[in-house]
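Student: Any chance you can model this:
(chains A, B, C and D)
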Number of protein chains: 2
Amino acid sequence: MAVTLKDVALRAGVSRSAVSRTFTDGASVSARTREAVERVAAELGYAPSALASALSTGRTKLIGLVSSNFHNPIFLEIFDLFTRGLQDRGLRPLLVNLSGETDPQASVRMLRQYSVDGVIVASSTLPPSFARAFKDAGLPVVHSFGRRTTKPETHVVGIDNVECGRMAARTLLARDYRTIAFLGGPESASSTQDRLTGFREGAGPLVVPSIFAASYSFEAGRAAMQTLLSWGPPAQAYFCGDDVLSIGAISALRDAGHDVPTDVGVIGLNDMEIAGWANIDLTTIHQPVADIIAASIELVVSTVTAPDCLPEARLFSCHIVERGTLRPLP
Amino acid sequence: MAVTLKDVALRAGVSRSAVSRTFTDGASVSARTREAVERVAAELGYAPSALASALSTGRTKLIGLVSSNFHNPIFLEIFDLFTRGLQDRGLRPLLVNLSGETDPQASVRMLRQYSVDGVIVASSTLPPSFARAFKDAGLPVVHSFGRRTTKPETHVVGIDNVECGRMAARTLLARDYRTIAFLGGPESASSTQDRLTGFREGAGPLVVPSIFAASYSFEAGRAAMQTLLSWGPPAQAYFCGDDVLSIGAISALRDAGHDVPTDVGVIGLNDMEIAGWANIDLTTIHQPVADIIAASIELVVSTVTAPDCLPEARLFSCHIVERGTLRPLP
DNA sequence: TGATTCGTTGCAACCGGTTGCAAAGTCCGG
DNA sequence: CCGGACTTTGCAACCGGTTGCAACGAATCA
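Tutor: I've put the predicted structure just below:
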């Protein structure tokens, strides 16, 4: 059925090794042989089997891309960048959708079966132990959008969430908001806790009761804000743990008759594409997604070649993107 | 390094075949042997190599998932459903990001190299010839969100775009809109043409000049509407070829001082998650994405086992989801 | 007890490549 | 024209499983 190395060798009148060698660069083949093989290969439409080659070389050029959040539009941007970045390096993404699963074992098993060269865990909500499980199974792993710890167990690429919290606080204070609150993502996620820590650190006594949304989704953000409003009048401004939460929160505020930004200010985090849509126009903290992904890919690739390098944390700095959901500086 | 079938066989005191057979169901192994093998396998943490097995069986359980639109949030839902649906059947999605590429050859090559069992092309903008290229290369293929043709060359799963156009027209006419227009997706896509055809068929002389957006994106929808507005006063209502285009169009309308739905009505197509967000609240034609994807997976799986079945077109019917961007029925 | 049947097992070849090694071929200077 | 150095080539073993075939043992039946 499929044309194999043997077919090409036979037809070109050379050995199988010769054919193999013309398709692996750095191997020693004469120009004459190469030319003959390439001609026959083209004639026959030969494409070397990545599987067979993987079997002997031990490299599949497959990278497991593990993710659980398929309801936050930022992840579409993340998938786009990851798939493109991997493809550009001749690697292929094997997608794993956790869909609620929190035990890494099934994914570990599956990715080991396919002998992926490395794994990228893209999630800000999974605990470090999740990525750790891949490392324990002998797979190079990078936790993207993960949290820096004092002693990282795996490679981590992300942002300094504490600093983001501080930055949000500073930004709100500079605009004379006097009561401010945090509307965070899932409480159990360490990124949420870090953001809150930084926020409290930066705003001190001005922080009024905060809340945690059940997930990073519009509905969760909206519901959280509705709960806040049921407790009493809103704070003067909110720092939301994510853009999609912000959009949900704003929707609840406006429905309750509070104008944004006139009555209440909102600042998000991520700067996803939608945040820039003219009808959303969200002021937010830009997370350098492209940099994080480029670094993640680079890190996983380098770990494949040098598996024993020490776990490394790479953090990128964020910046404010001014749009229309905070009142102007005084 | 990795523990192989041989290691398990040695340790369990049986032949390699015995081990292999305990892991392939339907094979003949005694309870005693199976038990011994399973115990040793668990001890050693053995996981059979999918690659090696693929090499002999000819099945990788890999499905190529080819897509080009990473800027329309509906695709996040699509990826979620595809990856989950495939995983549930023990298949793995190998993601291919076309990112602008329109020549299928590179993807065909790559997916053949990895010996994927089948390919799903998920796109409403790629021509039938794209999916065709995979078929010509001997790969089972399904074109999801594709267009039905009188004589389909590959399996196609999608909706009846002409009927959607008619449905949009009927809906607008029923609300007494007297001048209506189409704001479509890329002009070259046959789905766009079909929608326009149906729309014209349903609305006849009421259709005023229409326009095609450059892509399925917010900015493209907004820009297209701005162009329309520069030509003169808006139509009474618009049928947009996609939700994200609708949202862009509405944003342009509102910025120009036209209230939606009081002054101008808008109806979209897709019913993506965002369309239901309270601050968007878009009336739209629901495309049964989940059904389309389930059918696509089923079709590609059945084609893998019976490669010679005739190309089939499965179309699902759509329905209107009433929200807040059209005026109520008189 | 001997013949027959059936389930279990191991051998060995195969899937489609890669690669160390040694033989063969090429090119050079002397 | 010869010896040495370097390049090209094929052989054969290997990567980690699968599977047809024949041998084996146990159970069944006469």
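Student: Tell me the spacing between residue A:81 and chain B.
Tutor: 9 Å (CB to the nearest CB, to the nearest Å). For the C-beta atoms, the positions are set from N, CA and C on the backbone; glycine is no exception.
Student: tell me the phi and psi of the most centrally placed residue in chain A?
Tutor: In chain A, the residue lying closest to the centroid (CA atoms, centre = their mean) is residue A:122, at 4.0 Å. Phi and psi for residue A:122, reported as degrees, to the nearest 10, are phi -110, psi 100.
Student: need the contact list for it.
Tutor: A:65, A:66, A:67, A:75, A:78, A:82, A:144, A:145, A:296 (CB atoms under 8 Å, 6 or more residues apart in numbering or on different chains).
Student: Would you point out the most distant pair within those residues?
Tutor: Greatest spatial distance in those: A:75 and A:296, 14.1 Å, computed using CB to CB.
Student: and those two? which has more neighbours close in?
Tutor: residue A:296 (29 against 24; other CB atoms under 10 Å in any protein chain shown).
Student: in which helix or strand would I find that one?
Tutor: According to DSSP states H and E, residue A:296 maps onto helix A:289-305.
Student: Could I get the contacts of residue A:122 in a markdown table, plus columns for secondary structure?
Tutor: What follows is the contacts of residue A:122, written out as a markdown table (DSSP: H, G, I helix; E, B strand; the rest coil):
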| residue | secondary structure |
| --- | --- |
| A:65 | strand |
| A:66 | strand |
| A:67 | strand |
| A:75 | helix |
| A:78 | helix |
| A:82 | helix |
| A:144 | strand |
| A:145 | coil |
| A:296 | helix |
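Student: Nearest to chain B among those residues?
Tutor: residue A:75 (6.1 Å; CB to the nearest CB).
Student: Please list the residues of the stretch 1-150 of chain A that sit near chain B.
Tutor: A:1-2, A:47-52, A:54-55, A:60, A:62, A:65, A:70-71, A:73, A:75-77, A:79-80, A:83-84, A:87, A:92-97, A:99, A:109-110, A:112-115, A:138 (CB under 8 Å from any CB of the partner chain).
Student: Now do stretch A:59-71, average pLDDT.
Tutor: In this model, stretch A:59-71 has an average pLDDT of 95.
Student: Check which residues of it are buried.
Tutor: In terms of neighbour count (16 or more other CB atoms under 10 Å in any protein chain shown), stretch A:59-71 has its buried residues at A:60, A:61, A:62, A:63, A:64, A:65, A:66, A:67, A:68, A:69, A:70, A:71.
Student: for stretch A:244-260, same thing?
Tutor: Neighbour count says stretch A:244-260 has A:244-253, A:256, A:258, A:260 buried, by 16+ other CB under 10 Å.
Student: residues contacting the residue of the stretch 1-150 of chain A at minimum distance from DNA strand C?
Tutor: Minimum separation of the stretch 1-150 of chain A from DNA strand C (CB to the nearest atom of the strand) falls at residue A:5, amounting to 2.8 Å. Applying CB under 8 Å, 6+ apart to residue A:5 gives the contacts A:16, A:19, A:20, A:46, A:48.
Student: helices or strands next to the one helix or strand the second one maps to in the packing?
Tutor: Spelled out, that is residue A:19. If you go by DSSP H and E, residue A:19 is part of helix A:16-23. Under the contact criterion of 3 or more CB pairs under 8 Å, 6 or more residues apart in numbering or on different chains; DSSP states H and E, helix A:16-23 touches helix A:5-12, helix A:31-44.
Student: please redo it, this time with the cut-off set to 10 Å
Tutor: Judged by 3 or more CB pairs under 10 Å, 6 or more residues apart in numbering or on different chains; DSSP states H and E, the packing partners of helix A:16-23 are helix A:5-12, helix A:31-44, helix A:50-57.
Student: so the last one versus helix B:50-57, what angle?
Tutor: Here helix A:50-57 runs at 120 degrees with respect to helix B:50-57, directions being taken by axes from the mean of the first three to the mean of the last three CA atoms, to 10 degrees.
Student: Enumerate the residues of chain A near DNA strand C.
Tutor: A:2, A:4-6, A:16-17, A:20-21, A:23-24, A:46, A:48-49, A:52-53, A:55-57 (CB under 7 Å from any atom of the strand).
Student: Mind doing that once more with 10 Å?
Tutor: A:1-9, A:15-24, A:26-28, A:30, A:32, A:46-59 (CB under 10 Å from any atom of the strand).
Student: From the residues you listed, list the buried ones, please.
Tutor: A:4-5, A:7-9, A:18-23, A:46-55.
Student: Would you map the strands across the stretch 151-300 of chain A?
Tutor: A:155-159, A:180-184, A:211-212, A:237-240, A:265-270, A:284-286 (DSSP state E, counting those that start in this stretch).
Student: Highest mean neighbour count out of the ones you listed?
Tutor: strand A:237-240 (a mean of 30; mean count of other CB atoms under 10 Å in any protein chain shown).
Student: list the helices and strands that one packs on?
Tutor: helix A:161-174, strand A:180-184, helix A:190-203, helix A:218-231, helix A:243-255, strand A:265-270.
Student: angle of the last one against helix A:289-305?
Tutor: Translated: strand A:265-270. Going by the same axes, to 10 degrees, strand A:265-270 makes 30 degrees with helix A:289-305.
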